[in-house]
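Asker: Give me a 3D structure for the following:
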Amino acid sequence: MRAVVVESWMDPRELCVGEVGEPEVRPGTLGIEVRAAGCNFFDILMVKGEYQVRPPFPFVPGAEVAGVVTKVGEGVEGFAVGDRVFGAPGLGGFAERAVMPAFGSYRLPDGVSFEQGAALPIIYPTSYMALIHRANLQSGEDLLVHAAAGGVGIAAVQIGKALGARVIATAGGTEKLEIARENGADDTIDYREEDFVERVKALTDGKGADVIYDSVGGEVFDKSLKCIAWNGRLLVIGFASGTIPSVKANRILLKNIAVTGLNWGGHAVKEPQKIPAVMQELFALYAEGKICPVIYRTYPLEELPEALAALGGRRSYGKVVVTP
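Answerer: Just a heads-up that it's a prediction; the model follows:
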């Protein structure tokens with residue numbers, strides 16, 4: 001089968017499609033004909049050897065897929081050949097066929113395309129778990145979402161709005177600000193043109209944001225500490241800036257704030273029992289029209305380097321998807 005294979009740490013621009021054997025469908029897993037695979041920023045880091053997960057060579061990257069079940073592994077119930085499904089295999093998604101655990105695989109809701117399905121397994125549960133289970137976001141609170149036109153950013157905007165929060169979004173450029181507004185942002189800030197700290201203070205009458213959703217890190221994290229409210233919650237989602245920040249504990253104490261991390265992938269190992277309920281809650285929000293994946297562009301598998309370049313170069317919005 002055709003797949004993107006990584007045999008050494010490399011620049012993502014060097015990725016290419018080759019022929020490999022099909023993965024084995026083991027007990028408890030599903031064989032999938034991949035129709036679409038989602039791209040994530042961590043795919044770039046993983047290929048370069050800069051991610052916390054460093055798979056042994058050779059490996060096929062690609063952590064989330066949507067497709068059709070071709071084989072049901074021993075002991076699996078509730079799935080049949082031909083089912084339209086999505087899930088997060090962790091690896092192996094950038095290929096014609098993949099294998100993923102049946103636990104953590106879900107049928108695509110009616111009306112959801114394979115491309116949209118490939119955007120569901122990671123970014124939406126990440127944002128949902130962060131905002132509800134970690135930050136306890138309440139209706140009427142002020143939510144500041146950084147990089148609000150990105151994958152997890154749009155998901156956070158949509159979910160925050162669904163929860164009744166006032167959503168303040170930061171992004172770079174007119175197009176991305178409009179994307180954020182279309183997805184529910186009440187106020188938008190172009191971080192390239194404005195000081196978001198002062199703007200957030202002005203929008204909240206000096207109070208600051210009750211919850212801040214930060215997938216950027218670096219200077220954005222540092223500045224967020226200057227516009228967070230008393231009793232605020234600062235969510236650490238990722239470090240797209242490439243810089244991992246640190247904070248002096250006295251700043252946390254003096255403002256009575258919580259700095260809270262969210263590692264969605266870790267739940268599959270540490271708290272797998274929480275995952276099905278989160279997905280069902282997301283399905284309900286989708287059925288109510290309150291969330292919907294936004295696709296920037298779909299690339300053929302051979303153009304994975306271009307897809308990752310659009311993501312890494314901050315040219316994209318929403319989800320970047322590849323199709324075999």
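Asker: my guess is Val99 contacts Gly90, does it?
Answerer: No: Val99 is beyond contact range of Gly90, at 10.3 Å (criterion: Cβ atoms under 8 Å). Bear in mind the C-beta positions are built from the backbone N, C-alpha and C, glycine included.
Asker: which secondary structure element contains Leu137?
Answerer: Under the criterion DSSP states H and E, no helix or strand holds Leu137.
Asker: Then Pro305?
Answerer: helix 304-312.
Asker: so how far is that helix off the chain centroid?
Answerer: For helix 304-312, the separation from the chain centroid amounts to 16 Å (computed by Cα atoms, centre = their mean, to the nearest Å).
Asker: Please name the nearest non-neighbouring residue to Glu198.
Answerer: Cys227 (8.0 Å; Cβ to Cβ, 6 or more residues apart in numbering).
Asker: correct me, but the one you found touches Leu203?
Answerer: No: at 9.5 Å, Cys227 and Leu203 do not qualify as touching, with contact defined as Cβ under 8 Å.
Asker: which of these two has more neighbours?
Answerer: Cys227 (25 against 20; other Cβ atoms under 10 Å).
Asker: Kindly tell me how buried Glu219 is, as a neighbour count.
Answerer: 12.
Asker: Could you do Phe114 as well?
Answerer: The number of residues packed near Phe114 is 21, by other Cβ under 10 Å.
Asker: Wait, it touches Ala37, no?
Answerer: No: assessed by Cβ under 8 Å, Phe114 is found out of contact with Ala37, at 9.5 Å.
Asker: Common neighbours of these two, please.
Answerer: 66, 323 (Cβ atoms under 8 Å, 6 or more residues apart in numbering).
Asker: This protein - how does it break down into domains?
Answerer: 2-120+294-323, 123-265 (automatic domain parsing).
Asker: measure the shortest one end to end?
Answerer: Terminal residues of domain 123-265 are spaced 11 Å apart (Cα to Cα, to the nearest Å).
Asker: Do a quick rundown of the helices in this structure.
Answerer: Along the chain, counting by DSSP state H, helices occupy 41-48, 114-117, 123-128, 151-162, 174-182, 196-203, 218-224, 249-254, 264-270, 275-287, 304-312.
Asker: Pick the most deeply packed of the ones you listed.
Answerer: helix 151-162 (a mean of 28; mean count of other Cβ atoms under 10 Å).
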